[in-house]
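**Q** okay, here's the prediction I keep looking at, along with the sequence it came from:
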Amino acid sequence: MTFSNEPVVSIKEATIFQDHNTVLKDVNFQIDKGEFIYLVGSTGSGKTSLLKTLYADLELHLGDISVAGYEIKRLKRKKVPYLRRKLGIIFQDFQLFQDRSVADNIYFIMQATGWKDKAKMKNRLAEVLMKVGLGSIESKFPHQLSGGEQQRVVIARALVNEPELLIADEPTGNLDPQVSEGILNIFKAINNSGTAILMATHNYNIIRKFPARVLMCQKGKLLDSNVDEFELQDML
């Protein structure tokens, strides 16, 4: 993990597109090392498009975005995997391979990002599972786990390469409140160890219980609670 003082994310005058439609204009913000930030807004407001632009799944045409030292606009496709090695990406629908064990799901990411030493891979597997509070489940398959356990596996997988930034898109969307709170406690522990987190959510009870900086997508603009005045009820 880098110890540079540079922001993990820097966005200047960016326009975010989805299918050639502008969803956000004049986007300006930065994420510093170790920050925890919520991203909120109604369905279709641009949250997921913004996240996809950050990890280079959507192209950036206007403005400048730097993520973990990579300039997104100038990033060649063959370099995208190098960017993603510095990120952990967590989805609402888990995206685990159902025909592979927990261990093989995590080993797949390791192998895809250049891990080769089997002993080191096994040790890292144990480390990341321990970080998310899972015991000896390496041999289990996703269908044998609860929704909360599956999401913990996804978080463990995202931690494999000690990311500078975790990007989480509605990570508690399919979970009940008690399980969601457990997931947030894991995120807080990860954040306290120095990893920045950007979490898109509709769960405003979580924001009330675990307050932090909020970015809100609204009417084509991105509002920042560090700069703009808005109340939590404005997001509902």
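**A** Received the coordinates, thanks.

**Q** ok, Asp93 to Thr43 distance?
**A** 15 Å (C-beta to C-beta, to the nearest Å). All C-beta atoms are positioned from the backbone trio N, CA, C, and that covers glycine.

**Q** neighbour count winner among the two?
**A** Comparing Asp93 with Thr43 by other C-beta atoms under 10 Å, the one with more neighbours is Asp93, at 12 against 7.

**Q** give the contact list for that one.
**A** Asn174 (C-beta atoms under 8 Å, 6 or more residues apart in numbering).

**Q** quick check: which element contains the residue nearest the centre of the chain?
**A** The chain has Ile167 as the residue nearest its centroid, 1.2 Å off, counting by C-alpha atoms, centre = their mean. Per DSSP states H and E: Ile167 is located in strand 165-169.

**Q** quick one: contacts of that strand?
**A** 8-9, 31, 47-48, 51, 54-55, 67-68, 86-92, 158-159, 187, 190, 195-200.

**Q** mind listing the strands for this protein?
**A** Counting by DSSP state E, the chain has strands at residues 9-18, 21-31, 36-40, 62-67, 70-71, 87-91, 165-169, 196-200, 213-218, 221-224.

**Q** closest to Met110 out of those strands?
**A** Across those, Met110 has its closest neighbour in strand 87-91 (13.1 Å, C-beta to C-beta).

**Q** what residues does the closest one touch?
**A** Contact with strand 87-91 is made by 54-55, 67-68, 151, 154-155, 157-161, 163-171, 195, as judged by C-beta under 8 Å, 6+ apart.

**Q** pull the contacting residues for Glu35.
**A** Counting by C-beta under 8 Å, 6+ apart, Glu35 has contacts Val8, Ala196, Ile197, Arg213.

**Q** sorry, slip of the keys, the one I care about is Ala56.
**A** So Ala56 contacts Val67, Tyr70, Ile72, Leu75, Val80, Leu83, Arg84 (C-beta under 8 Å, 6+ apart).

**Q** what's the burial count for the fourth one?
**A** Read that as Leu75. Residues lying near Leu75 (other C-beta under 10 Å) number 17.

**Q** state the distance from the residue nearest to it when sequence neighbours are not counted to Leu50.
**A** Excluding the flanking residues, the one nearest Leu75 by C-beta to C-beta, 6 or more residues apart in numbering is Ala56, at 5.7 Å. For Ala56, the distance to Leu50 equals 12 Å [C-beta to C-beta].

**Q** could you do Lys120 as well?
**A** 35 Å.

**Q** in the lengthiest helix in the chain, which residues are buried?
**A** For the chain, the helix with the greatest residue count under DSSP state H is helix 177-192. For helix 177-192, the neighbour count (16 or more other C-beta atoms under 10 Å) marks Val179, Ser180, Glu181, Gly182, Ile183, Leu184, Ile186, Phe187, Ile190, Asn191 as buried.

**Q** with stretch 17-30 instead?
**A** Quick answer for stretch 17-30 (16+ other C-beta under 10 Å): Phe17, Gln18, Val23, Leu24, Val27, Phe29.

**Q** ok, the residues you listed vs Phe97, which is closest?
**A** Of these, the one sitting nearest to Phe97 (C-beta to C-beta) turns out to be Gln18, at 27.4 Å.
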